[in-house]
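Student: structure, please.
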Amino acid sequence: MKAIDEQFVSSDKALASTLMKKLASMTLDKSRSVREHIMEMRDIAAKLKSLKVEISESFFVHFILNSLPSEYTPFKISYNTHKEEWSINELLTMCVQEEERLKHETPESVHLVTHGLFEPKEAIGK
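Tutor: Just a heads-up that it's a prediction; the model follows:
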């Protein structure tokens with residue numbers, strides 16, 4: 001019986017290690033929403049907690065912020081300059097709002113860049 005218990009302990013340690021590596025390597029990409037990204041990170045943190053690997057909420061908020069791409073840099077700076085700390089739920093809400101803001105901002109920026117690139121060539125050819 002003791003051998004079986006030891007096997008489960010070593011299996012739990014291996015799983016915790018795998019989950020920690022996955023969590024550490026996660027970054028938000030265009031294939032999913034920020035909500036899905038944060039929820040997946042939260043699920044991994046919950047699994048780690050069940051394996052007795054605790055992550056403080058404050059640390060986890062910073063960890064999630066660091067997993068966001070460069071488009072979120074002003075958002076991260078804003079968080080870091082405020083005295084208040086957010087809970088995971090507050091961070092989730094704020095990130096979803098920021099994602100929506102970025103979606104509305106991005107098409108205009110892309111249009112301006114592409115318009116600016118092609119205009120001089122047309123002007124030269126005329």
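Student: what segments of the chain are helices?
Tutor: Shown for the chain, the helices assigned by DSSP state H span residues 2-25, 34-50, 57-66, 73-81, 88-125.
Student: and those as a markdown table, adding mean pLDDT and mean neighbour count?
Tutor: Glycine gets a C-beta too; all of them are placed from N, C-alpha and C. Formatted as a markdown table, the helices of the chain follow (pLDDT from 0 to 100; neighbours: other C-beta atoms under 10 Å):
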| stretch | mean pLDDT | mean neighbour count |
| --- | --- | --- |
| helix 2-25 | 82 | 11 |
| helix 34-50 | 98 | 16 |
| helix 57-66 | 97 | 15 |
| helix 73-81 | 95 | 12 |
| helix 88-125 | 73 | 11 |
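Student: from the chain's centre, how far out does stretch 92-105 sit?
Tutor: Here stretch 92-105 is found 13 Å from its chain centre; the criterion is C-alpha atoms, centre = their mean, to the nearest Å.
Student: next: stretch 39-54.
Tutor: The chain centroid and the centroid of stretch 39-54 are separated by 15 Å under C-alpha atoms, centre = their mean.
Student: before we move on, what about stretch 29-49?
Tutor: From the chain centre to the centre of stretch 29-49 is a distance of 7 Å (C-alpha atoms, centre = their mean).
Student: same question, stretch 76-88
Tutor: Centroid displacement of stretch 76-88 relative to its chain, using C-alpha atoms, centre = their mean, is 15 Å.
Student: same check, this time on stretch 28-39
Tutor: The chain centroid and the centroid of stretch 28-39 are separated by 7 Å, computed with C-alpha atoms, centre = their mean.
Student: cool, thanks, talk later.
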